[in-house]
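Chemist: Okay, predicted coordinates and the sequence, questions at the end:
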Amino acid sequence: MGTITGRRAAYERARKRRSTVVATVSSLAVVTAIVVLVPKMPRWDRVHESFFNGERFANSLPRLLDAFVLDIKIFAWSMPAIVALALLVAITRNSRSAALFPLRILTIAYTDIMRGVPIILWIYLIGFGVPGLGIDRPWNSPLIWGSVALVLTYASYIAEVFRAGIESVHESQRAAARSLGLSSWQTMRHIVLPQAIRRVIPPLMNDMVSLQKDVALVSLIGPIEILRQAGIDKSKFANFTPYIAAAAVFLLITIPLTRTTDWLIERERRRTTGTRIS
Amino acid sequence: MSAAKISLRGVRKSFGTHSVLNGIDIDIAEGTVVSLIGPSGSGKSTLLRCINLLEPIDDGEILLDGIDISLPGFDANPVRRRIGMVFQNFNLFPHMSVQDNITLSPVRTLGVDKAIARAKAAELLERFGLADKINAFPDQLSGGQQQRVAIIRALAIEPEVLLLDEITSSLDPELVGEVLDVVRELKTSGMTLVLATHEMGFARDISDLVCVLDGGHIIEQGLPGQVFSAPQSERAQQFLERIIRAGRL
């Protein structure tokens, strides 16, 4: 037994060493090609000047970071509202009570309509339309109604994620809970939802990364957040570098979020299967 | 026999056009063990699910202490707290520890104080030799241990009747014994038990009444000695012959 383990370990070590060498060499080759070849393009000097201008980057970055606080704020207050509304819609749609039939029809219409129209249209329609009804300050702020549009559209997508999770919990779990005398609401609350939510955390995180970027769409109806601020800087200095800087700021948030998502997916896979086929 | 704890009168149930129970009559006396045997698809499990009100019946009556619990609109939750059920595939809640599986219903439906419910759970686990598993999760237990926990979970609400739906059918042969031992102990303690089972030897030893189901009818009903050694109906004879030939009795 010991010799087999030793032989296997040596083999795995050698294989790992080989993969590392291959990965390093190929990555270096690609990076070198880009760094060496792209600057040889005929108009590189002008692209370099208008997209990768170090001075403009440094100049815009503080303003962009300031504006990014608004993106984070919109994200922070929209996300809990989205999750709450999506759960409510998913639970209503999954309920089996006859009394809730009209509500079920309503939730189906809601998801169909919200998901069927581009987000940007909802932001225009709700963000300009509702304040246009003559609501008084501060409740006519496009910031509020733009966020509402985000919440309503995202909740319709995420409700479907929750619904898939709820439906993935086997019927026998409900049977066991009901046989113990739990009501249908107690069964949902203590047995179905905890299992459903655990299963959908990875796709949920995926939608959160997506939301973090779509927050920028609210700028289309007025609020000066990072994308809008980058546009202002671009116009003022006739240089596109602020957009590159804005992109960098977004990556600062979305990359850790995406990594976390992958890590969660991997952990869930390991927990449920306990094995890995190479 | 004393007055029946549960009486089934002309119980009928169909799923769509497929009729599963075609007029079932059984009287289950308090403190007795009733076994339902019969080929797969004969309606044993459906019958137990109907008694627990997990499936509404189409016609007939289910009387618990003389009260018809199968009336449409009858509040099922209090009834289910009086009739416990254990399933073939255990159906433990995988996201909860053994302790939480057991205390969930007493705490949430009976309003038992959490500390008291936990003490009771610990006591039941001790009684059935699972004291060290109190903080384990279902996936960390063997099939036999999971099924014993499922029985304890059903017992924790102190039901008057326990329905056991083929509780050894998904266990490895060497784990069947530990679960059947639990059932024997329950019989000794005077619990009313209704079991659907394929363990013929066990059914013969433990039952006070054996019902043979086939095609949604009770084709034979009587004392185990009589049903197993001298079945009256031809179909019951054929069924038992198949069982004996398969070496299951």
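Modeler: Looks like it arrived, so ask away. Numbers count the residues shown, from 1 in each chain, chains lettered A, B, ... in the order given.
Chemist: Quick one: name the residues of chain B near chain A.
Modeler: For chain B, the contact set with chain A under CB under 8 Å from any CB of the partner chain comprises B:49, B:52, B:54, B:76-78, B:80-81, B:84-85, B:87, B:89, B:91-95, B:104-105, B:108-110, B:150, B:153-154, B:157. Glycine gets a C-beta too; all of them are placed from N, C-alpha and C.
Chemist: Scan chain A for its longest helix.
Modeler: In terms of residue count, the longest helix belonging to chain A (DSSP state H) is helix A:54-94.
Chemist: now it: mean pLDDT?
Modeler: What helix A:54-94 shows for mean pLDDT is 93.
Chemist: from the residues of chain B next to chain A, which ones fall inside helices?
Modeler: Secondary structure from DSSP H places B:R49, B:A76, B:N77, B:P78, B:R80, B:L104, B:S105, B:R108, B:T109, B:A150, B:R153, B:A154 of the residues of chain B next to chain A in helices.
Chemist: What is the neighbour count of A:D233?
Modeler: Look at A:D233: counted by other CB atoms under 10 Å in any protein chain shown, it has 23 neighbours.
Chemist: What of A:I119?
Modeler: Residues contacting A:I119 under the criterion other CB under 10 Å number 17.
Chemist: so the residue nearest to it when sequence neighbours are not counted is in which element?
Modeler: Distances taken as CB to CB, 6 or more residues apart in numbering or on different chains place A:T153 nearest to A:I119, at 4.9 Å, with adjacent residues excluded. Here A:T153, judged by DSSP states H and E, is contained in helix A:142-168.
Chemist: From the contact counts, what lies against that helix?
Modeler: For helix A:142-168, the packing partners by 3 or more CB pairs under 8 Å, 6 or more residues apart in numbering or on different chains; DSSP states H and E come out as helix A:54-94, helix A:101-116, helix A:119-129, helix A:193-214.
Chemist: hmm, back to that, can you flag the buried ones in the residues of chain B next to chain A?
Modeler: B:49, B:52, B:54, B:76, B:80-81, B:84-85, B:87, B:89, B:91-95, B:104-105, B:108-109, B:150, B:153-154, B:157 (16 or more other CB atoms under 10 Å in any protein chain shown).
Chemist: Can you pull out the low-pLDDT segments for the chain?
Modeler: Because you didn't say which chain, this covers chain A. A:1-4, A:268, A:271-278 (pLDDT under 70).
Chemist: meant chain B, my bad for not saying
Modeler: In chain B (pLDDT under 70), the answer is B:1-2.
Chemist: Tell me how far the nearest residue to B:G201 once chain neighbours are set aside lies from B:E199.
Modeler: Spatial nearest neighbour of B:G201, excluding adjacent residues (CB to CB, 6+ apart): B:L249 at 6.0 Å. When CB to CB, to the nearest Å is applied, the distance between B:L249 and B:E199 equals 10 Å.
Chemist: cool, B:P72 as well?
Modeler: In this view, B:P72 and B:E199 are 35 Å apart by CB to CB.
Chemist: who's more crowded, those two?
Modeler: B:E199 (22 against 6).
Chemist: in terms of contact, does the more buried one touch B:G177 like I think?
Modeler: No. Between B:E199 and B:G177 there is no contact under CB atoms under 8 Å: 10.3 Å.
Chemist: What's the end-to-end length of stretch B:147-167?
Modeler: Stretch B:147-167 has an end-to-end distance of 7 Å (criterion: CA to CA, to the nearest Å).
Chemist: in it, what counts as buried?
Modeler: For stretch B:147-167, the neighbour count (16+ other CB under 10 Å) marks B:147-157, B:159, B:161-167 as buried.
Chemist: Looking at chain B, which residue reaches furthest from the middle?
Modeler: Most distant residue from the mean C-alpha position of chain B: B:A115, 28.7 Å away (CA atoms, centre = their mean).
Chemist: How much space separates that residue from chain A?
Modeler: For B:A115, the distance to chain A equals 19 Å [CB to the nearest CB, to the nearest Å].
Chemist: Spit out the contact partners of the residue lying closest to A:F75 once chain neighbours are set aside.
Modeler: Once flanking residues are discounted, A:F75 sits nearest to A:V215: 5.2 Å by CB to CB, 6+ apart. Residues in contact with A:V215 (CB atoms under 8 Å, 6 or more residues apart in numbering or on different chains) are A:D71, A:I74, A:F75, A:S78, A:L150, A:E225.
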